[in-house]
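Novice: Pasting a predicted model and its sequence here:
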2 protein chains.
Amino acid sequence: MSDAASSGGASARRRPPTIHDVAREAGISRGTVSRVLNGGHNVSPEALKAVNAAIKKTGYVVNRHARSLVTQRSDSVAFLLTEEQDRFFEDPNFNHLLRGCTAALAKHDIPLLLMIAGTEEERRRIGRYITAGHVDGVLLVSSHSGNPMVELLHEAKMPVVACGKPLGQVATPAYVAADDREGARQMLRHLLGLGRRRIATVTGPLDTPGGVDRLSGYREMLAEAGIDYDPALVVEGDYSRASGEAGMTRLLAQAPDLDAVFVASDLMADGALATLAKAGRSVPGDVAVGGFDDSAIAAAARPPLTTVRQPWERISGEMVRLLLSLISGEPPASVILPTELVRRETA
Amino acid sequence: MSDAASSGGASARRRPPTIHDVAREAGISRGTVSRVLNGGHNVSPEALKAVNAAIKKTGYVVNRHARSLVTQRSDSVAFLLTEEQDRFFEDPNFNHLLRGCTAALAKHDIPLLLMIAGTEEERRRIGRYITAGHVDGVLLVSSHSGNPMVELLHEAKMPVVACGKPLGQVATPAYVAADDREGARQMLRHLLGLGRRRIATVTGPLDTPGGVDRLSGYREMLAEAGIDYDPALVVEGDYSRASGEAGMTRLLAQAPDLDAVFVASDLMADGALATLAKAGRSVPGDVAVGGFDDSAIAAAARPPLTTVRQPWERISGEMVRLLLSLISGEPPASVILPTELVRRETA
DNA sequence: CTGAAAGCGCTTACAG
DNA sequence: CTGAAAGCGCTTACAG
């Protein structure tokens, strides 16, 4: 209705102020405005002050599309989740990681683009999108062996940092992971310290680093304690609660005399706990139970689960740090972070 | 090392093909190439065919920055999570919603930018980012009353679709939600049908629609059954498992004769189950328990939880559909989706 | 139906 | 230290 409302204010909203407006306001050229925007090098103190005032006054915010067009950088990164990770998505771990990466990126004012490569078709589309330069790098969440996306990204020379060491790749990308082997050793050491000797394990999928490395830790520590490896004490799970239940059932049948279990994830451990309860075995009295992750499930389990903590916050922080350094041209690196035993009531 | 490697192929990777390359390949002007890219109107069949062939041959992918610069659209949307939703982030519901929105958007080739407005400072930064036109619209996840972000977005005339009806706003944005009231009624009807008469409830936070509306449904259904409202039978929770445990403890003290509880979320219901077990009350024998959400927790609960299903897939699908139509200039609309009672073993 | 041309908002050598 | 100018890759009236 009001003319006033439909002039100045409203049209200013349609077209945000540009570098041109700032330049005019500051009584200076656009090139100089751009220079202060990009670090303020080669700019006199007075010019800098005038530009900053003008920016504040006009409410100027850089147009990233214009900037990206000339710099050939997008100033954004992808968080890519590949199909097989379906289960991880239901896992609280995923939330921690995603939230951690978002926060770490936000500090650099870099938006995170979430991408899920479910179907083969999606993988193709996302592959094209990414390699077309719409993101500067990718945070990759994919732990199963032989993920085709890894090679595609590598061929496109796209900076990549994976969460967990990607297995079965010609060229392993940079990654950050918790020390799975040492984490398993911590748990085994604890169980052994409790006097347990018939210690079973439900492993993770053996085509994932968590599956393989936690099993190695288990075997190593047992060997160091002078206990022979007994195949009847190990079954493979797939990280789902159901597989924890089923695995525990199998273990009880194969080795009724077991007095402890190391379960390679909290979710599976929660399933194992249910099986144990149903079988009438007390925890930790008859059977001590140890998990892995220290996700929300651990504290909520009945009884509360003794587990191995993965430092998700640090993991996401390091992923972002590594990716940013890769993007700025530094050579790749991977980092392994220590885990920590969290004692609660199951062991 | 090799000259061959450092020429053609490598440099082609640095600078992806542009519309210019496609035009030359097709023997046609750039304007025409652009036209086929944008719907193919006013283009002869031959030209269209030539351009499509050239696109395929060159591996051309549009540069979105260049496009956005002229169209003043970003072709991307934000998924914005505001601070108070901390708990929701740990909830499996969040995953369903996020994944659903990502998938729905992917079908339109629109990337989802994840943003978390935790601190006040972040909220300011994100507000600026969004209102500066870096996204075309926002999917807002925020259920607590009086979220300042809602008003900010409204003033900036940014298209917004919320998940759940935002309470305490001057101007309610478009939203999509499950029918909370009706869902509660379904559960109450079921409990009543089981012959229960002393039905308690642990509500959600009363500054959220889920808290308020599910409580209304509870009260309504009871009234319709001719049962007087008893304040001793209702306690307020905050959607956390701990509040479910505590709420149940309180209810047991205030109304020892209760024979059923309607708990306004699965996570709280899981906590209530623990309290009940500790108190020696059998479920559903002594006390029937009903939850809300049908999240992963429900099926995993002991005993498996009877609950009310929220159609997350449809919710996310509708959110995206509404947002896209808002962006294309259509008037706002909100949608309420029906819930469904899922019978398991607790009631 | 199609081409030539202007312009979106920025950055970056290049002179000075 | 600073300005003028070219150019990033597209879209879109405007003529024809």
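Specialist: Noted; the coordinates are in hand.
Novice: any idea how far the closest residue to chain B within the stretch 101-250 of chain A lies from DNA strand D?
Specialist: Closest to chain B within the stretch 101-250 of chain A is residue A:132: 3.7 Å, counting by C-beta to the nearest C-beta. Glycine gets a C-beta too; all of them are placed from N, C-alpha and C. To DNA strand D, residue A:132 is 9 Å away according to C-beta to the nearest atom of the strand, to the nearest Å.
Novice: again with residue A:65
Specialist: From residue A:65 to DNA strand D the distance is 8 Å (C-beta to the nearest atom of the strand).
Novice: what about the residue in the stretch 201-347 of chain A that DNA strand C sits nearest to, how many residues close to it?
Specialist: Nearest residue of the stretch 201-347 of chain A to DNA strand C, counting by C-beta to the nearest atom of the strand: residue A:328, 13.0 Å away. Using other C-beta atoms under 10 Å in any protein chain shown, residue A:328 has 10 neighbouring residues.
Novice: swap in the one 3 residues further on?
Specialist: Per other C-beta under 10 Å, the neighbour tally for residue A:331 reads 7.
Novice: Likewise for residue A:343?
Specialist: Neighbour tally, residue A:343, other C-beta under 10 Å: 12.
Novice: dump the residue contacts of it.
Specialist: Applying C-beta atoms under 8 Å, 6 or more residues apart in numbering or on different chains, we find residue A:343 in contact with A:190, A:306.
Novice: any idea how far it is from residue B:55?
Specialist: Using C-beta to C-beta, to the nearest Å, residue A:343 is found at 61 Å from residue B:55.
Novice: likewise residue A:167?
Specialist: Taken as C-beta to C-beta, the span from residue A:167 to residue B:55 is 36 Å.
Novice: how about the residues of the stretch 51-200 of chain A near DNA strand C?
Specialist: Residues of the stretch 51-200 of chain A found near DNA strand C (C-beta under 7 Å from any atom of the strand) are A:60, A:62, A:63, A:66, A:67, A:69, A:70, A:71.
Novice: Could you double-check that the fourth one lies in contact with residue B:67?
Specialist: The one in question is residue A:66. No - here residue A:66 lies out of contact with residue B:67, judged by C-beta atoms under 8 Å, at a distance of 11.9 Å.
Novice: Around chain B, which positions in the stretch 101-250 of chain A sit nearby?
Specialist: Residues of the stretch 101-250 of chain A lying close to chain B (C-beta under 8 Å from any C-beta of the partner chain) are A:102-103, A:106, A:109, A:111-116, A:118, A:122, A:125-126, A:128-129, A:132-134, A:156-157, A:241.
Novice: what sits up against the strand or helix carrying residue A:324?
Specialist: Assessed by DSSP states H and E, residue A:324 sits inside helix A:312-327. Contacts to helix A:312-327, defined as C-beta under 8 Å, 6+ apart, come from residues A:77, A:93, A:96-101, A:103-105, A:108, A:136-139, A:159-161, A:163, A:174, A:176-178, A:332-335, A:337.
Novice: tell me the centre residue of chain A?
Specialist: residue A:97 (4.0 Å; C-alpha atoms, centre = their mean).
Novice: contacting residues around that residue?
Specialist: Shown in contact with residue A:97 (C-beta under 8 Å, 6+ apart): A:141, A:163, A:312, A:315, A:316.
Novice: Does it lie in a helix or a strand, and which?
Specialist: Going by DSSP H and E, residue A:97 is in helix A:92-106.
Novice: okay, the angle between that helix and helix B:92-106?
Specialist: Calculated by axes from the mean of the first three to the mean of the last three C-alpha atoms, to 10 degrees, helix A:92-106 forms an angle of 60 degrees with helix B:92-106.
Novice: How about residue A:309: what's its closest non-neighbour residue?
Specialist: Nearest non-adjacent residue to residue A:309, counting by C-beta to C-beta, 6 or more residues apart in numbering or on different chains: residue A:294, 3.8 Å away.
Novice: What pLDDT does the model give the one you found?
Specialist: Per-residue pLDDT puts residue A:294 at 94.
Novice: what about residue A:169, how many neighbours?
Specialist: That count, for residue A:169 with other C-beta under 10 Å as the rule, works out to 16.
Novice: Report the secondary structure state of it.
Specialist: Of the three states, residue A:169 takes coil according to DSSP: H, G, I helix; E, B strand; the rest coil.
Novice: can you check residue A:345 too?
Specialist: Going by three-state DSSP: residue A:345 is coil.
Novice: quick one: contacts for the residue nearest to it when sequence neighbours are not counted?
Specialist: Leaving out its chain neighbours, the residue that sits closest to residue A:345 by C-beta to C-beta, 6+ apart is residue A:303, at 3.9 Å. Listed by C-beta under 8 Å, 6+ apart, the contact set of residue A:303 reads A:273, A:283, A:284, A:344, A:345, A:346.
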